[in-house]
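Colleague: Got a predicted structure plus its sequence, pasted below:
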Amino acid sequence: MSTAAIAGTMVAMQGEQTRMGIQTAMVKQQLKADQGVVDLLASAAQASPAPGTGLTVDKLA
């Protein structure tokens with residue numbers, strides 16, 4: 001294998017490593033965004049009134 005071929009292979013490997021790093025960062029960022037939505041929905045579900053609450057008006061109160 002020639003020196004030029006080895007150098008070309010190394011450059012290609014570095015490019016692939018860079019692409020993998022970028023993809024990993026993008027997946028991590030998407031995971032953070034998804035977790036934020038899940039946290040928002042969980043807090044909204046905990047804050048909601050119990051089922052059946054607010055269906056009738058107590059006129060004696």
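Modeller: Happy to help now that I have it. Numbers count the residues shown, from 1 in each chain.
Colleague: So residue 56 versus residue 8, what's the distance?
Modeller: For residue 56, the distance to residue 8 equals 78 Å [Cβ to Cβ, to the nearest Å]. For the C-beta atoms, the positions are set from N, CA and C on the backbone; glycine is no exception.
Colleague: In terms of neighbours, single out the busier of those two.
Modeller: Shown here are residue 56 and residue 8; by other Cβ atoms under 10 Å, residue 8 has more neighbours (11 against 7).
Colleague: which stretches of the protein form helices?
Modeller: 3-47 (DSSP state H).
Colleague: tell me, what residue is most central in it?
Modeller: residue 31 (1.6 Å; Cα atoms, centre = their mean).
Colleague: what sits against it?
Modeller: Counting by Cβ atoms under 8 Å, 6 or more residues apart in numbering, residue 31 touches no other residue.
Colleague: Report pLDDT for it.
Modeller: Residue 31 carries a pLDDT score of 97 in this model.
Colleague: Please consider this matter closed, and thank you.
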